[in-house]
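Asker: Pasting the sequence and the predicted model now:
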Amino acid sequence: MQAENKIKIGVLTTISKTMDWFIVDSMRNLAKHGYDVTLICNMEEGFADRNADYAKCIHLEMSRGVSIKDLFSSTLKLKRIFKEEKFDVLYYTSPNASMYASLAGKLAGVKIRVYSQCGLRYVSFDGIKRFVFKAVEKLTCMLSTHIRAQSPKNMAFAIEEKLCHKEKISVVGIGGTIGVELEKCKSFDHQKAREQLRKIYGIPSDAFVYGYVGRINADKGINELIAAFQKLSHSNLYLVMVGMLDDTNPISKENLEIAQKSKNVVLTGNVPTTEVYAHMAMFDVLTHPTYREGFGKVLQEAMGVGIPIITTDVPGPSEVVENHISGILCRVKDADDLAVKMEQLYQNAPLRNSLAAAGLARAEKYFDRPIMLNNILMDMEQIVNAKER
């Protein structure tokens, strides 16, 4: 792409943490290949400075969760921004920002509006709440010109649910977003990190640790994880949950109280992204009993670190891992089945080792970051070139 013909791309998420986790690496790569990148989100302190070397950054206050006020105010603000910036492409993810951006982009006349559909929130809802959130999802899909599902099963589900026509939706590579930095997964002393972090959190060196990384909320299956852990009877078991307590979709008060009071459950809170891999190294098993998932970046990271995985048999996770080859699948919302799988891996060291080895090999083949970033670049080039023809 020639410098004088730079494609202007506006990139949106609701909050900057989502941008950090799933977007910035791919946009830095697009900028390296000639795109003019602008990042728009509710930015925490330091975000703009970290990304100023390759992108223009626009702060826009948006709230997570349902906000009628934001629907009107953010959409109008975005429409003005889009008209001023004259973007060729919009690229958005996360439910709120995607809704506002797709509507504002349509009103502002932006020709290419790409929706990165990272999971479908409404699938875990019932009644009127499910109806409303599905309607919002369908509207976002309708207002977008291109949809990128995070996995083939999620794409099939979106088509089956009539969220969009099959011609509008596809998957980049075999799924996922920016993949995993395998070099960083391997570059530190795993045993040293395991020993140091266990000492910091008061976990015996010979304990067996089930770990979780992500938001501590109901949709991630944390109620079932705590219930399953309570069913296991061995005294040397610990459960470590790395991530923030999510008050927009909280776990039950009873389970939160159990977690906070138990000497065998550790809630670390948020840790810097640079320390996530080290925290995974102190786990014996990663447990990720999510109700829904776009693809499962955490699962890819655990594979890169060399940790066996238990996750749910739902679209996304069931495509990251191959059941009984590179991970173990359990039934969704089923604490009993999760406990059985947790006990199985506790008892079977050879199985843990074979799952970890197969998971690492799968990550090396499909999920290494350079592979994923190139997939995104090639997909964007195809979208832009097709529009120009």
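Answerer: Okay, I see it.

Asker: Show me what the helix or strand containing residue 159 packs onto, helices and strands only.
Answerer: Per DSSP states H and E: residue 159 is located in helix 152-160. For helix 152-160, the elements it packs on are strand 146-149, strand 169-171, helix 317-320, judged by 3 or more C-beta pairs under 8 Å, 6 or more residues apart in numbering; DSSP states H and E. No exception for glycine: its C-beta is placed from N, CA and C like everyone else's.

Asker: of those, which approaches residue 55 most closely?
Answerer: Residue 55 lies closest to strand 146-149 among the helices and strands packed on helix 152-160, at 20.0 Å (C-beta to C-beta).

Asker: for residue 41, what are its contacts?
Answerer: With C-beta atoms under 8 Å, 6 or more residues apart in numbering as the criterion, the residues that contact residue 41 are 12-16, 18-19, 47, 59-60, 62, 97.

Asker: any idea where the strands of the stretch 1-150 of the chain begin and end?
Answerer: Secondary structure of the stretch 1-150 of the chain (DSSP state E, counting those that start in this stretch): strands at 8-15, 36-42, 55-59, 89-92, 112-117, 146-149.

Asker: Could you dump those into TSV and include distance to residue 375 and mean pLDDT?
Answerer: Supplementary listing: the strands of the stretch 1-150 of the chain in TSV, determined by distance: least, C-beta to C-beta, whole Å; pLDDT from 0 to 100:
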stretch	distance to residue 375	mean pLDDT
strand 8-15	17	96
strand 36-42	18	97
strand 55-59	20	98
strand 89-92	14	98
strand 112-117	13	96
strand 146-149	10	96
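
Asker: Just the buried residues of the helix holding residue 159, please?
Answerer: By 16 or more other C-beta atoms under 10 Å, the buried positions in helix 152-160 come out as 153-155, 157-159.

Asker: of all those, which comes closest to residue 113?
Answerer: When the buried residues of helix 152-160 are compared for distance to residue 113 (C-beta to C-beta), residue 158 comes out closest, at 16.3 Å.

Asker: on that earlier part again, which one among the buried residues of helix 152-160 gets closest to residue 246?
Answerer: Checking the buried residues of helix 152-160 one by one against residue 246 (C-beta to C-beta), the nearest turns out to be residue 154, at 21.5 Å.

Asker: correct me, but the closest one touches residue 296?
Answerer: No: look at residue 154 against residue 296 with C-beta atoms under 8 Å: they stay out of range, at 10.9 Å.

Asker: Spell out which residues are contacts of both of the two.
Answerer: residue 316.

Asker: Out of the helices and strands packed on helix 152-160, flag the one nearest residue 236.
Answerer: Residue 236 lies closest, by C-beta to C-beta, to one member of the helices and strands packed on helix 152-160: helix 317-320, at 27.5 Å.

Asker: what is the mean pLDDT for that closest one?
Answerer: For helix 317-320, the mean per-residue pLDDT is 95.

Asker: just checking, what packs against that helix?
Answerer: In terms of contacts (3+ C-beta pairs under 8 Å, 6+ apart), helix 317-320 is packed against helix 152-160, helix 297-305, strand 309-312.
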